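Chemist: Have a look; sequence and predicted model below, questions after that.
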Amino acid sequence: MKRIILLALILSGTINTEAQTLSGGLRGGISNWLVLARSGGFVQEAKDGDAVSWDKEAFIRYQTKGRLAFEVAGNTYNREKESYANVWGCNFGGSPYDSSYTQVKYRSTELNISLQYQILTNCTKKCPFFKNITNYIGIVASADIRNYKSVVNQSSTWDNVPMQTYNEKGRGVYYYFGLTHSLVYKIGEHFNAISAVSLRFNPNNGYYDGNWTPMPNTKLSCRAGISYNIIKAKQ
């Protein structure tokens, strides 16, 4: 983190900071959750209905007259996971229950902080269509505050054994790091259309409990929206 801050200060000192743009806006989109296994390095989609989430995001973006931009965003999303366990001819801890159904609902709030740098190409300078488009790539760090509610139903094939239900609530904080790419299209004097694509990875996530069940630890997000220039940059 100290190196990132130092890099930002160095880059800020190499550009003209006399004119800046401060904007705020809203974005929405979709995220696909993936499982990047620790052993073997394979990638697969998350299972049990938790592979996709719909993101709702509000953000503040600070852009210098040069190529450097900072962005702070708050995002909310919900996910749901279902799992089944059947142990025929056995039981759980000496109890008569030999099957289990678990449903977990997540309500999450994310804080995303990114440092981005503008990419210039020959097409940006020559093509009229790209005149109002700015293209950024950078790094992003995220804190995911995740509230969950778990419902476990245990049942039995034995006669006269009623179903048991357990409820559990909790909260966890997960950290993600990765890359982000943004396109900003100037619509008019005050408004911009802005898109963001990010790929983030949680290095500490792997497998859940002792069941060797893969949990999603990689998030691929695509979002788009509108921003308003609160402070307009001077020309």
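Modeler: Okay, I see it. These numbers come from a predicted model, not from an experiment.
Chemist: What's the local residue count around the closest residue to Gln20 other than its chain neighbours?
Modeler: Counting by C-beta to C-beta, 6 or more residues apart in numbering, Gln20 lies nearest to Thr64, which is 5.4 Å off, once chain neighbours are set aside. C-beta coordinates here come from the backbone N, C-alpha and C atoms, glycine included. Around Thr64 there are 19 other residues, counting by other C-beta atoms under 10 Å.
Chemist: going forward can the numbers begin at 6, since that is how I track them
Modeler: Okay, using 6 as the starting number, the last item reads as Thr69.
Chemist: I'd guessed Thr69 sits against Leu120; true?
Modeler: No - look at Thr69 against Leu120 with C-beta atoms under 8 Å: they stay out of range, at 11.8 Å.
Chemist: hang on, the earlier thing: and the gap between the residue nearest to Gln25 and Val77?
Modeler: Look at Thr69 and Val77: by C-beta to C-beta, to the nearest Å, they are 15 Å apart.
Chemist: Also Val178?
Modeler: Applying C-beta to C-beta, the value for Val178 to Val77 is 18 Å.
Chemist: In terms of neighbours, single out the busier of those two.
Modeler: When Val178 and Val77 are compared for neighbours, Val77 comes out ahead with 14 against 8, by other C-beta under 10 Å.
Chemist: isn't the more buried one right up against Ile65?
Modeler: Yes - using C-beta under 8 Å, Val77 is in contact with Ile65, at 5.2 Å.
Chemist: could you pull out the helices for this protein?
Modeler: Residue ranges of the helices in the chain, as given by DSSP state H, are 7-18, 127-131.
Chemist: Lowest mean pLDDT across those helices, which one is that?
Modeler: Ranked by mean pLDDT, these bottom out at helix 7-18, which scores a mean of 43.
Chemist: these two touch, right, Arg32 and Ser203?
Modeler: No - if you go by C-beta under 8 Å, Arg32 and Ser203 don't touch, sitting 11.2 Å apart.
Chemist: Bridged to the residue nearest to Tyr153 when sequence neighbours are not counted, which residues?
Modeler: Closest residue to Tyr153 apart from its sequence neighbours, by C-beta to C-beta, 6+ apart: Tyr111 at 5.1 Å. Beta-bridge partners for Tyr111, by DSSP bridges, are Arg84, Tyr153.
Chemist: residue ranges with poor pLDDT in this structure?
Modeler: In the predicted model of the chain, residues 6-24, 41-55, 87-107, 126-130, 158-171, 209-220, 238-240 satisfy pLDDT under 70.
Chemist: One more pass at 90, please.
Modeler: 6-26, 37-58, 68-72, 83-112, 124-139, 151-179, 193-195, 206-224, 236-240 (pLDDT under 90).
Chemist: How many neighbouring residues does Gly193 have?
Modeler: Gly193: 8 neighbours (other C-beta under 10 Å).
Chemist: And it, its phi and psi?
Modeler: The phi/psi pair for Gly193 (degrees, to the nearest 10) reads phi -150, psi -150.
Chemist: what does His195 give?
Modeler: Dihedral angles of His195 (phi, psi; degrees, to the nearest 10) stand at phi -120, psi -20.
Chemist: so it touches Ile231, yeah?
Modeler: No - the criterion here is C-beta under 8 Å, and His195 misses it with Ile231 at 10.5 Å.
Chemist: Okay, the residue nearest to Gln25 and Ser28: tell me how far apart.
Modeler: Taking C-beta to C-beta, one finds Thr69 at 13 Å from Ser28.
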